[in-house]
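Engineer: what's the 3D shape of this:
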Amino acid sequence: EVQLVESGGGLVQPGGSLRLSCAASGFYFSNYAMSWGRQAPGKGVEWVSYINADDSTYYSNSVKGRFTISRDNAKNTLYLQLNSLKTEDTAMYYCGKARDVGWRPGDYIAWGQGIQVTVSS
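Structural biologist: Have a look, this model is predicted:
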């Protein structure tokens, strides 16, 4: 059974930083692309960043230059470093598993339960 468990969220002031982690189990982690998405109140889930099995990384325009995605295949863990946070980054953040070594926005993704990130002074 695939399990994705996010951690590291919380309340942070504008300009602050957080690091999200996603512990994965139930599949061969290194063989799959992984993604982070987020959902703000009243909106749908939008992709934020993804990393393919070859470690190539991609970011949405809204977070490029501020967020960094990475993976540790030895620990079966996906990370998202969030820097220079803005109030508009407030959302539920989800870790996702793709069906293949690569992923593109619009492809199928299986999201975890999510974790809240709130950016507020």
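Engineer: for the most centrally placed residue in the chain, give me its contacts.
Structural biologist: Using C-alpha atoms, centre = their mean, the residue of the chain that lies closest to the mean C-alpha position is Trp36, 2.3 Å off. By C-beta atoms under 8 Å, 6 or more residues apart in numbering, Trp36 lies in contact with 20, 22, 47-50, 67, 69, 78, 80, 93-96. Backbone N, C-alpha and C define where each C-beta goes, glycine included.
Engineer: strands of this protein, residue ranges please.
Structural biologist: Using DSSP state E, the strands of the chain run over 3-7, 10-12, 18-25, 34-39, 46-51, 57-59, 67-72, 77-82, 91-97, 110-111, 115-119.
Engineer: picking that back up, buried among the contacts of Trp36? Need that as a selection in ChimeraX.
Structural biologist: The following ChimeraX line selects those of the contacts of Trp36 that are buried, judged by 16 or more other C-beta atoms under 10 Å:
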select :20,22,47,48,49,50,67,69,78,80,93,94,95,96
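Engineer: returning to that earlier point: turn the strands of the chain into a markdown table, columns for distance to Arg104 and mean pLDDT.
Structural biologist: Below are those laid out as a markdown table (distance: least, C-beta to C-beta, whole Å; pLDDT from 0 to 100):
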| stretch | distance to Arg104 | mean pLDDT |
| --- | --- | --- |
| strand 3-7 | 19 | 98 |
| strand 10-12 | 30 | 98 |
| strand 18-25 | 20 | 98 |
| strand 34-39 | 10 | 98 |
| strand 46-51 | 8 | 96 |
| strand 57-59 | 8 | 97 |
| strand 67-72 | 15 | 98 |
| strand 77-82 | 17 | 98 |
| strand 91-97 | 13 | 98 |
| strand 110-111 | 15 | 94 |
| strand 115-119 | 24 | 98 |
